[in-house]
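Peer 1: Can you look at this prediction? I've put the sequence above it.
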Amino acid sequence: MSGYKEWIVVCKEADLQENSRLVVPAGEYAVLLLRRAGRIFALGNSCAHLGCKMARGKIEGFVITCPCHDWTFDIRSGEFTAAPEIKIKTFPTRVQNDHIYIEIEHSGEQNGQY
Ligand code: FES
């Protein structure tokens with residue numbers, strides 16, 4: 001069975017102020033929401049290196065630094081700044097009716113896990 005995409009509501013827009021961060025569950029993902037320069041970004045909360053939680057990382061401009069070994073990623077693309085082929089997963093976002101939505105892709109596998 002192939003996967004499918006779905007827009008899901010993850011929080012109220014007011015819950016994510018400028019320069020703040022929030023980790024939300026979204027389907028099978030833990031997603032880190034960030035608001036910078038009036039835009040909302042959503043990326044997986046696990047580092048592409050060894051899986052540390054990115055929510056604890058320092059953010060400067062559009063770059064987040066992993067708290068474990070200082071790898072840096074562009075929050076707009078999820079790309080590792082030293083090797084863009086290595087990425088943290090990112091998700092499209094939108095605001096509708098005062099809520100933040102992200103688009104996630106389900107694997108479509110029927111493995112009984114959520
Ligand atoms: S786990 Fe993030 S840099 Fe190593």
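Peer 2: Done, it's in.

Peer 1: Distance of the residue nearest to residue 6 when sequence neighbours are not counted relative to the ligand?
Peer 2: Once its chain neighbours are removed from consideration, residue 6 has its nearest residue in residue 104; the separation is 6.1 Å (Cβ to Cβ, 6 or more residues apart in numbering). For the C-beta atoms, the positions are set from N, CA and C on the backbone; glycine is no exception. In this structure, residue 104 and the ligand are separated by 22 Å, where distance is defined by Cβ to the nearest ligand atom, to the nearest Å.

Peer 1: my guess is residue 104 meets residue 91, correct?
Peer 2: Yes: counting by Cβ atoms under 8 Å, a contact exists between residue 104 and residue 91, whose distance comes to 6.1 Å.

Peer 1: so what sits against both of these two?
Peer 2: Residues touching both residue 104 and residue 91 by Cβ atoms under 8 Å, 6 or more residues apart in numbering: 26, 29, 31.

Peer 1: gap between the second one and the ligand?
Peer 2: Using Cβ to the nearest ligand atom, we find residue 29 at a distance of 17 Å from the ligand.

Peer 1: again with the last one
Peer 2: As for residue 31, its distance to the ligand is 17 Å (criterion: Cβ to the nearest ligand atom).
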